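Q: sequence unknown, structure follows:
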């Protein structure tokens, strides 16, 4: 095992595109796993299987305060580099499944469909396919 992330500090500003770059093995995915809280789930599973938790220590803060993971997950979305799309569903159907999971019951089916449709339209008009 090697230490790949140590004393990291950064700022993510709303409405800005942020790039996290580095060579393979530099810790990009590990950093995002930790920021999203996904690494905690992975550690819990490892703990159940071999009786120990290892590898990650520290605090993730938001606006200078220790992050409330439940609130953070409600306000953010983490998409891994390995797609988890269902191959038999269309793009719209996959996005609808994600909308159902992420937006919850307080958003109506019609609102979810509108959000998905607008998102797809924005992607089509802003992404260049070459």
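A: It's in. Keep in mind that this is a model prediction, so the values were computed, not measured.

Q: Can you spell out the domain ranges of this structure, please?
A: When the chain is parsed with automatic domain parsing, its domains come out as 1-81, 91-126.

Q: what about the strands in this structure?
A: In the chain, strands defined by DSSP state E lie at 61-62, 65-66, listed in chain order.

Q: can you tell me which of those strands the model trusts least?
A: With a mean of 78, strand 61-62 has the lowest mean pLDDT of the strands of the chain.

Q: which residues make contact with that one from outside it?
A: Residues external to strand 61-62 that are found in contact with it (CB atoms under 8 Å, 6 or more residues apart in numbering): 67-68, 72. Using the backbone N, CA and C atoms, a C-beta is placed for each residue, glycine as well.

Q: These in helices, which ones?
A: When these are checked against helices (DSSP state H), the matches are residue 72.

Q: Report the distance from the longest helix along the chain to the chain centre.
A: When the chain is parsed with DSSP H, its longest helix is helix 109-126. Relative to its chain's centre, helix 109-126 lies at 20 Å (CA atoms, centre = their mean, to the nearest Å).

Q: Give me the packing partners of it, helices and strands only.
A: helix 91-103 (3 or more CB pairs under 8 Å, 6 or more residues apart in numbering; DSSP states H and E).
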